[in-house]
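Q: Fold the following.
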Amino acid sequence: MKTALAFFGAFNPPTLAHLAAARAAAEQTGTEPVIFIPSRSVYIRGDQGKDKAWPDEARLAMLKKLSETRPWMAVSDIELKQDRQPRSYDTLCRLREGGVRASLLMGSDKLRELERGWLHVEEIAREFGIVCVSRGEDDCAELLRQDPYLRALSPYIRLVTAPEEIRSVSSTRARRLLAENRDPAGLAALLPEEILPLLKEG
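A: This is a model prediction of the structure:
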């Protein structure tokens, strides 16, 4: 069975931080490809309450464009094809049924959400494993030690480190600059240049 990292998210839009975090995880775990799995736009707007969500086809096109020059990166529309936004565990199981055992790749900002904001966390951890990328000033090792719930899961969580310079990059900030229609230099520090033409289409 093939192995991979499954990177779930809105990618609304995909940023340099997404790419750098995924690449760092691939290098530090020795696992490729990193499969980018975008969420459905109705879920991003409704359940997550985002101020804007590019259509499913637009975000998928952005990710596919980025994967053209990054051999370690793959893109899947497995969740976009569903009638409702599936749970991450269900998608990981579908990938496994297709011959790919993928560990869950997540940013450290999601660690605190696992106990109350996710379902099937124990199954994900034990069956697939979790790779967590440090984000911002998070001390993930200390968080795993201090939190009883996370400490129980720690044997199944592998910590990796993202480059310092991209830790403050976010899709929220990029959306704000795009909405204001200014600061192209600021956008260049947040977004891959390949997707800038596609952003205008969405």
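
Q: in this structure, what spans have low per-residue confidence?
A: Scanning the chain for pLDDT under 70 picks out 47, 49, 136, 182-184, 201-202.

Q: Tell me which residues are up against the longest helix seen in it.
A: Looking across the chain with DSSP state H, the single longest helix is helix 16-29. Contacts to helix 16-29, defined as CB atoms under 8 Å, 6 or more residues apart in numbering, come from residues 5, 7, 9, 11, 31-34, 36, 66, 70, 72-73, 103, 105, 107, 131, 133, 135, 158, 160-163, 166-167, 169-170, 189-192. For the C-beta atoms, the positions are set from N, CA and C on the backbone; glycine is no exception.

Q: again with stretch 147-156
A: Outside stretch 147-156, the residues that touch it by CB under 8 Å, 6+ apart are 111-112, 114-115, 121-122, 125-126, 129-130, 143-145, 157.

Q: Report the buried members of the residues you listed.
A: The neighbour count (16 or more other CB atoms under 10 Å) marks 111, 114, 121, 125, 129, 130, 143, 144, 157 as buried among the contacts of stretch 147-156.

Q: so which of those residues would you say is closest to residue 90?
A: For these, the closest approach to residue 90 (CB to CB) belongs to residue 121, at 13.3 Å.

Q: Beyond the longest helix of the chain, next helix or strand please.
A: Sequence-wise, the next helix or strand downstream of helix 16-29 (DSSP states H and E) is strand 34-38.

Q: Just the CA atoms of that next one, as PDB, please.
A: Extracted as PDB, the C-alpha positions of strand 34-38 are listed here (Å, rounded to 0.1, in the frame of the first residue of the first chain):
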ATOM      1  CA  VAL A  34       1.400  15.400   0.200                       C
ATOM      2  CA  ILE A  35      -2.200  15.200  -1.100                       C
ATOM      3  CA  PHE A  36      -4.000  18.500  -0.900                       C
ATOM      4  CA  ILE A  37      -7.700  17.900  -0.300                       C
ATOM      5  CA  PRO A  38      -9.800  21.000  -0.500                       C
END
